[in-house]
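Colleague: I would like to see how this sequence folds:
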Amino acid sequence: MPHYEQQAKRGPDGKFLPGLKPPKSTGRPRGAIGIKTRAARLAGERLEEMLRRATDVISDELDNGNPTVAQWLVDRVRPPARSDFVQLADKNKLSSIEDILVASERTTTAASQGEISLQQARLLQDVLGRHAQLKGLEELSSLRAEVEEMRRTD
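Modeller: Numbering: from 1, shown residues only. The predicted structure follows:
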């Protein structure tokens, strides 16, 4: 459509005049599949194929009497186990900054000796760090209250 015809359909404010409609957008046709959807579908199909192959290899190894190899393959295919908690010994009270530092040292030691995974240690250190920040804020609040009390008594 020529430019002068488009201008005639619009008012001075740029909006379409009453009774005139904007041209239809061609856009994406209905039912068209985007590239992300196609890629996700293809990745899903490939994953299913790979898992099917892994299952066949594991079955073959078990049939051949190699349970160790089969277990090794299962460990590689299965997602890593998640451990959502790490239990601290009862003697680890976290009521002061010093207690939190002791727990942090114990966590580092446990990770370095292989008692807990590095991921568990990292997560626990994050929790301990946040807890230490909160304890610090609590102590700061108590110190402010003491200072205010001292000012009032003077």
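
Colleague: and the average pLDDT for stretch 104-119 is what?
Modeller: Taken as a whole, stretch 104-119 carries a mean pLDDT of 85.

Colleague: list the buried residues in that stretch.
Modeller: Residues of stretch 104-119 classed as buried: Ser104, Arg106, Thr107, Ala110, Ala111, Ile116 (neighbour count, 16 or more other C-beta atoms under 10 Å). Any C-beta I mention is one placed from the backbone N, CA and C, and that applies to glycine too.

Colleague: what's the answer for stretch 62-72, then?
Modeller: Quick answer for stretch 62-72 (16+ other C-beta under 10 Å): Ala70.

Colleague: state the distance from Gln113 to Arg106.
Modeller: 11 Å (C-beta to C-beta, to the nearest Å).

Colleague: hang on, the earlier thing: closest one of the buried residues of stretch 104-119 to Asp75?
Modeller: Among the buried residues of stretch 104-119, Ile116 lies closest to Asp75 (C-beta to C-beta), at 18.7 Å.

Colleague: so that closest one is in which element?
Modeller: Using DSSP states H and E, Ile116 sits within no helix or strand.

Colleague: do Thr108 as well
Modeller: Per DSSP H and E: helix 97-112 holds Thr108.

Colleague: who are the packing partners of that helix?
Modeller: Secondary-structure packing of helix 97-112 (3 or more C-beta pairs under 8 Å, 6 or more residues apart in numbering; DSSP states H and E): helix 118-153.

Colleague: quick check: angle from the helix it packs on to helix 97-112?
Modeller: 170 degrees (axes from the mean of the first three to the mean of the last three C-alpha atoms, to 10 degrees).

Colleague: buried residues, helix 118-153. List them.
Modeller: Of all the residues in helix 118-153, those buried under the rule 16+ other C-beta under 10 Å are Gln120, Ala121, Leu123, Leu124, Leu128, His131, Ala132, Lys135.

Colleague: Ala32: which of the residues you listed is nearest?
Modeller: Leu123 (43.2 Å).

Colleague: per-residue confidence at that closest one?
Modeller: pLDDT at Leu123 comes out at 87.

Colleague: how close does it sit to Leu42?
Modeller: Per C-beta to C-beta, Leu123 is found 34 Å from Leu42.
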